[in-house]
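give me a 3D structure for the following:
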Amino acid sequence: MRRILVSLSIINSTGRNISESLANKANQTLGFVRRTCHFTMCSKQRRILYLALVRSIFEHCSPVWAPHTQGSIDAIDVIQRRAVKWINKEPYVSYSDTEFLVKQKSLDLLPMKSKFILNDLVLFHKIVYEAVNICMPDYIVKMTASNLRRTTRQNECVANNSDTLRYECTVTPKIDAFKHSFFIRTYKFWNNLPLSIRELVDSDDFVSSLKNQLWLLLGLKPD
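Numbers count the residues shown, from 1 in each chain. Below you'll find the predicted structure:
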């Protein structure tokens, strides 16, 4: 348990190297899949292959190592762009950023940055509702009317007890590793979710509503 908490609390200094290493591995795997499965013309089957063999590389334990620099995220995003072109059988078509976003939406593939946020929030949700054997660290506490330093428009719902699922950090992160650690980065995303989503206890309902919310934040209506 202690190892898990330490891993989730502080991303080590080799985080960037981890994302670069995984990006290289995913890029090689995608190339291998494209060469060996060139006969597979069904987009649905190609999507399954991509999810199972390539994107799963980034899914594994992503709350621990998730990249926080734009360069690392862009490197991973390039791989998904290549995969989307392969899935759609459009290897030589150039997508604008808007077109790429729409293509991802049509395949139900969240952009990688949003996917990392989703993975973080799913784990945070399980911790909040005690669905996993991981405890919230001492420095992440629920906001209550009694511990509010001052009432603002943002925390007014806490002051009147209409929102009991907001959290705050009681320490000030001073090093980058701690600033970008799992709990520090995720409680902020959690607080920004609508209360109606945070109140969902069932994990499947939460994931479904969260995906819709992330698409809305990207400017696209969910299905």
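
can you give the domain ranges for the chain?
13-109, 116-217 (automatic domain parsing).

so, low pLDDT: which residues of the protein?
1-16, 145-156, 158-161 (pLDDT under 70).

which stretches in it count as strands?
Per DSSP state E, the chain carries strands over the ranges 140-142, 167-169.

what helices and strands are in contact with the first one?
Yep, that's strand 140-142 we're talking about. strand 167-169 (3 or more C-beta pairs under 8 Å, 6 or more residues apart in numbering; DSSP states H and E). C-beta coordinates here come from the backbone N, C-alpha and C atoms, glycine included.

do that again at 10 Å, thanks
The contact analysis (3 or more C-beta pairs under 10 Å, 6 or more residues apart in numbering; DSSP states H and E) places strand 140-142 against helix 112-128, strand 167-169, helix 182-192.

now distance to residue 26 too, for the ones you listed, in a markdown table please.
Shown next, in a markdown table, are the helices and strands packed on strand 140-142 (distance: least, C-beta to C-beta, whole Å):
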| stretch | distance to residue 26 |
| --- | --- |
| helix 112-128 | 10 |
| strand 167-169 | 32 |
| helix 182-192 | 22 |
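
can I get the ones you listed in CSV including mean neighbour count and distance to residue 68?
Listed next are the helices and strands packed on strand 140-142 as CSV, based on neighbours: other C-beta atoms under 10 Å; distance: least, C-beta to C-beta, whole Å:
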stretch, mean neighbour count, distance to residue 68
helix 112-128, 20, 9
strand 167-169, 16, 16
helix 182-192, 19, 7
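
which of the ones you listed sits closest to residue 222?
Nearest to residue 222, of all those, is helix 112-128, at 12.5 Å by C-beta to C-beta.

list the buried residues in the lengthiest helix in the chain.
Ranked by number of residues, the top helix in the chain under DSSP state H is helix 15-36. For helix 15-36, a neighbour-count test (16 or more other C-beta atoms under 10 Å) marks 15, 18-20, 22-23, 26-27, 29-30, 33-34 as buried.

closest to residue 163 out of those?
Distance to residue 163, by C-beta to C-beta, is smallest for residue 15 among the buried residues of helix 15-36, at 32.5 Å.

and residue 132, how far is that from residue 203?
Using C-beta to C-beta, to the nearest Å, residue 132 is found at 10 Å from residue 203.

which neighbours do these two have in common?
The contact sets of residue 132 and residue 203 overlap at 125-126 (C-beta atoms under 10 Å, 6 or more residues apart in numbering).

so for residue 143, which of the helices and strands packed on strand 140-142 sits nearest?
With C-beta to C-beta as the criterion, residue 143 lies closest to strand 167-169 of these, at 5.0 Å.
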